[in-house]
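Peer 1: Give me a model of this one.
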Amino acid sequence: MEIKSVRSDETYKKILTAPTDKKDDIYRYELMKPFEFKWSCYNIPLKAPQKNGYDVIMASSMLGFLTPTKINDTQRESVELLSANQFWDKCQKSIEVSINAFVNEGIELPVKNYLFTILLADPESPYTILNEGYCGDGGIPGYIFGSLTPNDYTLNRMPVALAHECNHNIRFQFEKWRNDISLAGMMVNEGLAENFAVSIYGEKMVGPWVAKTDADTLNGYIKPIIKEGLDATGLDNITAYLYGDEMANMQGYFPVGLPYCAGYACGYHMIKHYLKKTSKTIIEATLTSTEEILREIEDFWDE
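Peer 2: Numbers count the residues shown, from 1 in each chain. The predicted structure is shown next:
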């Protein structure tokens with residue numbers, strides 16, 4: 001097994017001093033080229049055939065990553081904060097611990113090589129603001145992104161987010177992704193990932209996508225609405241349930257009356273309920289089918 005980082009700080013330093021018309025190509029061909037397969041899974045090319053077309057630059061902006069033309073002197077401090085070897089070592093260690101948690105249980109992983117990087121998040125992006133400055137993406141096995149606006153809080157939280165993304169990375173080696181995935185299925189995936197991260201780093205490090213929802217709001221308000229939408233499929237129909245109305249509105253999807261990341265928080269507690277009820281470990285649960293998990297937690301909605 002090989003886990004390698006792509007040191008984004010080194011590319012960002014090049015972009016800092018590059019002429020404006022060269023910045024995009026440095027970003028796409030030096031930082032994103034190693035992740036070309038990951039982008040291709042979303043049908044996103046490194047460079048669009050036509051000028052200003054949909055490609056890795058536009059997609060990065062939409063995902064809340066800092067785009068190359070915004071890498072200027074105002075970001076020099078952020079690049080320096082991102083350059084600490086100790087930070088990259090902690091990120092590497094988080095991924096090693098996460099993957100070895102499965103390997104040490106005798107689970108043979110189909111994917112042997114893992115590549116990760118940590119990107120600068122756009123501090124003005126609503127996604128960055130709502131997620132308290134950090135986030136991750138690990139849906140394509142073998143590839144993991146983290147993104148953050150560097151400060152003590154986010155640098156400390158990033159290894160936890162990477163553990164969350166590693167869980168996605170491993171689950172999707174066994175549970176094939178479906179474009180028609182239901183809200184219930186997405187909540188299972190996110191609930192497993194956050195419970196896995198908490199199993200390594202502790203409850204105090206749970207992400208804002210869970211911590212911002214209190215028990216009274218969850219049980220009294222969120223669960224009844226989500227229960228009605230569990231069978232919804234397609235991003236246009238499940239986004240508001242999973243991420244809340246505010247993010248849904250930003251993407252042009254209809255609201256359903258839910259707060260920030262209600263589906264994430266509900267999924268986290270749903271899987272906690274499953275683990276307690278079945279006495280399974282989070283490792284075992286990660287490799288359990290969505291259908292089996294959902295059958296076991298039907299009583300969760302009556303708590």
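Peer 1: can you pull the contacts of Leu81?
Peer 2: Pro150, Asn151, Leu155 (CB atoms under 8 Å, 6 or more residues apart in numbering). For every residue, glycine as well, the C-beta is placed using N, CA and C.
Peer 1: and the helix or strand containing it, how far out from the chain's middle?
Peer 2: Using DSSP states H and E, Leu81 sits within helix 76-82. Here helix 76-82 is found 22 Å from its chain centre; the criterion is CA atoms, centre = their mean, to the nearest Å.
Peer 1: Just the CA trace of that helix, in PDB.
Peer 2: Extracted in PDB, the C-alpha atoms of helix 76-82 (Å, rounded to 0.1, in the frame of the first residue of the first chain):
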ATOM      1  CA  ARG A  76       0.900  34.700   1.000                       C
ATOM      2  CA  GLU A  77       0.300  34.100   4.700                       C
ATOM      3  CA  SER A  78      -2.200  31.200   3.900                       C
ATOM      4  CA  VAL A  79       0.400  29.600   1.600                       C
ATOM      5  CA  GLU A  80       3.000  29.800   4.400                       C
ATOM      6  CA  LEU A  81       0.700  28.300   6.900                       C
ATOM      7  CA  LEU A  82       0.000  25.500   4.500                       C
END
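Peer 1: Could you grab the helix/strand/coil label for Phe116?
Peer 2: strand (DSSP: H, G, I helix; E, B strand; the rest coil).
Peer 1: now it, which residues is it bridged with?
Peer 2: Beta-bridge pairing for Phe116 (DSSP bridges): Ser5, Ile144.
Peer 1: neighbours of it, just the number please.
Peer 2: Close neighbours of Phe116, defined as other CB atoms under 10 Å, add up to 26.
Peer 1: distance of it from Tyr241?
Peer 2: 29 Å (CB to CB, to the nearest Å).
Peer 1: Now do the strands in the stretch 1-150 of the chain.
Peer 2: Ranges of strands in the stretch 1-150 of the chain, per DSSP state E, counting those that start in this stretch, are 2-5, 113-120, 134-137, 143-148.
Peer 1: just the ones you listed: most buried one?
Peer 2: strand 143-148 (a mean of 26; mean count of other CB atoms under 10 Å).
Peer 1: Report all helices and strands that it contacts.
Peer 2: helix 36-41, strand 113-120, strand 134-137, helix 152-171 (3 or more CB pairs under 8 Å, 6 or more residues apart in numbering; DSSP states H and E).
Peer 1: Same list, the ones you listed, but as a markdown table with mean pLDDT and distance to Lys277 please.
Peer 2: Formatted as a markdown table, the helices and strands packed on strand 143-148 follow (pLDDT from 0 to 100; distance: least, CB to CB, whole Å):
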| stretch | mean pLDDT | distance to Lys277 |
| --- | --- | --- |
| helix 36-41 | 96 | 34 |
| strand 113-120 | 98 | 32 |
| strand 134-137 | 96 | 28 |
| helix 152-171 | 98 | 20 |
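Peer 1: The helix holding Leu81: which residues count as buried?
Peer 2: Ser78, Val79, Leu81, Leu82 (16 or more other CB atoms under 10 Å).
Peer 1: same deal with stretch 119-129?
Peer 2: Leu119, Leu120, Ala121, Asp122, Pro123, Ser125, Tyr127, Thr128.
Peer 1: again with stretch 160-174
Peer 2: In stretch 160-174, counting by 16+ other CB under 10 Å, buried: 160-173.
Peer 1: Quick one: which of the contacts of Leu81 is the most crowded by neighbours?
Peer 2: Going by other CB under 10 Å, Pro150 tops these with 24 neighbours.
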